[in-house]
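Participant: here's a sequence, model it:
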Amino acid sequence: MGSTFHGVIAFALLAALLVVGSLLRSRFSWLRVSLIPGSIVAGVIGFVGLSAGLIPGYGSSDFTALAFHFFTLSFMSLCLTGSPKPAKDEQHQGIVAGGLWLTLIWTASLGAQAVIGYGLMAGYDLITGSDLSPLLGAIVTHGFTQGPGQALTYGTIWENDYGIANAAQVGVIFASLGFVAAFVVGVPAARYFLKRGLNVNHNSTLDDDFVRGFHTPQTQPAAGKQVSHSGTVDSLAWHIGLLGVAYVITYVWLSVMQPLVAGNQVLSVFFSYNLFFIHGLTVCVLMRMAIDRFGWTDKVDDDTLKRITGGSVDFMVVATLMSIQIAVLSALLVPILLIAVAVTLVTFLGAVSIGRLSGQLGPERAVTAFGCCCGSTGSGLLLLRMMDADFSTSVPKELAFFNIAIIVVNIPTLFFIAPIAPSLGTWSYLAIFGGYMVLMLICIPLLLKWQRSRSRQTYSVQEPKSS
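Facilitator: Numbers count the residues shown, from 1 in each chain. Here you go, the predicted model:
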């Protein structure tokens, strides 16, 4: 049985490091003040331990697969979670308009980061005489705007199918730097807006539980409801089982489709296991539609699924940081840092500039969008909570709309162009991603006009008639 422990202990290391990282985060004041999540602290400790050889028998490659699968699970459990029904008056609160502003910022950032990364890596090659693929710079957009899972996914495809060396590793490194940028730049920005009273929720404060990282016994919230009797099956096991059903269906679907598309390069990439998350989230969406359609919602607890999503993200972050190979990082340190700094600066300036145009909640949207463009929706929510601690503004609801909208708007680039990007010429790649950025900028005056029109209509409906 000893041979079975290697993978299990790799997962146990992630779990143990999460405990250590969270306790250290709550213990040291400078970590509490920085609001850095315990998962990042844990990941950094794990990365240092692996790089220094302090974890014998394990290397960065042992955690790459774990990062991939926890990313996939986080997406699938999110799609299996039901959406709350919107209130009838939510349209008058500008949720759709606010969600469109967030979508515009994110999509423009996706295009801008790709162009900047591609251009800077090509420029680095020209100046230094290196022979690096410009796509090693362009993958920054998948690491920053989409996170470690998709950076690893696309990087693996580029590496295995198109021969771009170290693409997956560079993607993971950019994703890790994206999380760091979200907090190093985002936290001071949120505090700047707070100090000047520019946020709408003036009663917003960073409560002790948030800063400390743990709830007191008096403030501990509930973590979901048990939908199954423990005498039959534990409720948590039931929900993990639902995800297991979706995982098996997705795996069988891809196994059946791969021989059928073997002769087509584009379809072969699309139906590869590297894009498991795309097919998995589709399966979960269909499963959720069936659950709602046949009235089985009493057998699914959305809060439990949210805990699985959150836990998967935490494990994914730790595994991502531990997947970084120190040799690749040191060899490409200069271009990676150059691109990361440039992308962070442009993304922040773009989020603040466009967010300011979006209306009264501009500062909240700017900080939230920046967090989402440098890590994940979770990063954006964490920064938003600084300015809207009780989530009393409409921005949290706008994020729900945003998570759907960015997938719909970016289907061509994310699902079809990104996987085969190495097969495109330089100008084709830059035209597609740069074109998306320009299109979003063109949409700004159109969105402003539409938002003002909605505001006038709402005002005319609410204005009392004179006697």
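Participant: in CSV, please show the C-alpha coordinates belonging to the helix or strand hosting residue 404.
Facilitator: Residue 404 belongs to helix 395-409 when assigned by DSSP states H and E. The C-alpha trace of helix 395-409 is given here as CSV (Å, rounded to 0.1, in the frame of the first residue of the first chain):
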residue,chain,number,x,y,z
VAL,A,395,-22.1,45.6,-7.4
PRO,A,396,-22.2,42.1,-5.9
LYS,A,397,-25.3,41.4,-8.0
GLU,A,398,-23.6,42.9,-11.0
LEU,A,399,-20.8,40.4,-10.6
ALA,A,400,-23.3,37.6,-11.0
PHE,A,401,-24.4,39.0,-14.3
PHE,A,402,-20.8,39.7,-15.2
ASN,A,403,-19.7,36.0,-14.7
ILE,A,404,-22.2,34.9,-17.4
ALA,A,405,-21.7,37.9,-19.7
ILE,A,406,-17.9,37.5,-20.0
ILE,A,407,-18.3,33.9,-21.2
VAL,A,408,-20.9,34.8,-23.8
VAL,A,409,-19.0,37.9,-25.1
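Participant: pull the residues that contact the following helix or strand past it.
Facilitator: Next helix or strand after helix 395-409 toward the C-terminus (DSSP H and E): helix 411. The contact list for helix 411, computed with Cβ atoms under 8 Å, 6 or more residues apart in numbering, is empty. For every residue, glycine as well, the C-beta is placed using N, CA and C.
Participant: for the record, mean pLDDT for helix 411?
Facilitator: Averaged over helix 411, pLDDT sits at 84.
Participant: need the next SSE after it, C-terminal direction.
Facilitator: helix 426-462.
Participant: in stretch 105-116, what counts as buried?
Facilitator: Judged by neighbour count using 16 or more other Cβ atoms under 10 Å, the buried positions of stretch 105-116 are 105-116.
Participant: just how off-centre is the helix holding residue 404 within its chain?
Facilitator: On the basis of Cα atoms, centre = their mean, to the nearest Å, helix 395-409 is displaced by 12 Å from the centre of the chain it belongs to.
Participant: what angle do that helix and helix 426-462 make?
Facilitator: Helix 395-409 and helix 426-462 are oriented at 140 degrees to each other (axes from the mean of the first three to the mean of the last three Cα atoms, to 10 degrees).
Participant: returning to what we had before: of the buried residues of stretch 105-116, just say which sits nearest to residue 243.
Facilitator: Closest approach between the buried residues of stretch 105-116 and residue 243, by Cβ to Cβ: residue 106, at 26.5 Å.
Participant: residue 406 is in contact with the closest one, correct?
Facilitator: Yes - counting by Cβ atoms under 8 Å, residue 106 does reach residue 406; the two are 5.3 Å apart.
Participant: thinking again about what came up before, export the buried residues of stretch 105-116 to a markdown table and tack on distance to residue 67?
Facilitator: Formatted as a markdown table, the buried residues of stretch 105-116 follow (distance: Cβ to Cβ, whole Å):
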| residue | distance to residue 67 |
| --- | --- |
| 105 | 27 |
| 106 | 22 |
| 107 | 25 |
| 108 | 27 |
| 109 | 23 |
| 110 | 21 |
| 111 | 26 |
| 112 | 26 |
| 113 | 21 |
| 114 | 22 |
| 115 | 27 |
| 116 | 25 |
